[in-house]
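Participant: Mind looking at a prediction? Sequence and model below.
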Amino acid sequence: MFKDLAAKYGVQEFDAISSIVSATEYSGGGQAAAKGFARLGSALRKRDKLLAERAKETMEPMIAAWVVIVMMLAGIVVDVTFLRDMFQDAAAKLVLSAALALTLLMLVMARKLGQSKDLD
């Protein structure tokens, strides 16, 4: 039954439970099942703890990246609105375009950092 649930819902924990139950049918009995479930429980708690620590560790660079992006966008807005007479020639427009491209690249990188598949 647990193998079917694991296949249907894609939950690896159900597959581990089915392996423990099927192994204890042939050897060990209830005592072996209890030890197997205790080990499974401690492994799941350790995995959850490591995932939580990793999420905390990636939060600080994520916040720093967003602060830098907001500051760069604010600088570009100030340059374009208040200092627009400085950007009349082609070289200055090229520098402004490069700054905008760098900001957009950082935005894409910050979004990719936040959408890490292994943190789900």
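Facilitator: All right, it came through fine.

Participant: what distance separates the helix or strand where residue 4 lies from the centre of its chain?
Facilitator: Element membership for residue 4 (DSSP states H and E) is helix 2-9. The chain centroid and the centroid of helix 2-9 are separated by 26 Å under C-alpha atoms, centre = their mean, to the nearest Å.

Participant: Likewise for stretch 4-13?
Facilitator: Relative to its parent chain, stretch 4-13 has a centroid offset of 23 Å by C-alpha atoms, centre = their mean.

Participant: start to end distance for that stretch?
Facilitator: 12 Å (C-alpha to C-alpha, to the nearest Å).

Participant: List the buried residues for that stretch?
Facilitator: residue 6 (16 or more other C-beta atoms under 10 Å). Any C-beta I mention is one placed from the backbone N, CA and C, and that applies to glycine too.

Participant: pLDDT weak spots in this protein?
Facilitator: Scanning the chain for pLDDT under 70 picks out the ranges 116-120.

Participant: how much space between residue 45 and residue 38?
Facilitator: 11 Å (C-beta to C-beta, to the nearest Å).

Participant: still on that earlier bit, could you give the angle of the following helix or strand past the helix holding residue 4 to helix 2-9?
Facilitator: The C-terminal neighbour of helix 2-9 among helices and strands, as given by DSSP H and E, is helix 12-26. Calculated by axes from the mean of the first three to the mean of the last three C-alpha atoms, to 10 degrees, helix 12-26 forms an angle of 170 degrees with helix 2-9.

Participant: what's in contact with helix 12-26?
Facilitator: 1, 2, 3, 5, 6, 30, 32, 33, 36, 37, 40, 44 (C-beta atoms under 8 Å, 6 or more residues apart in numbering).
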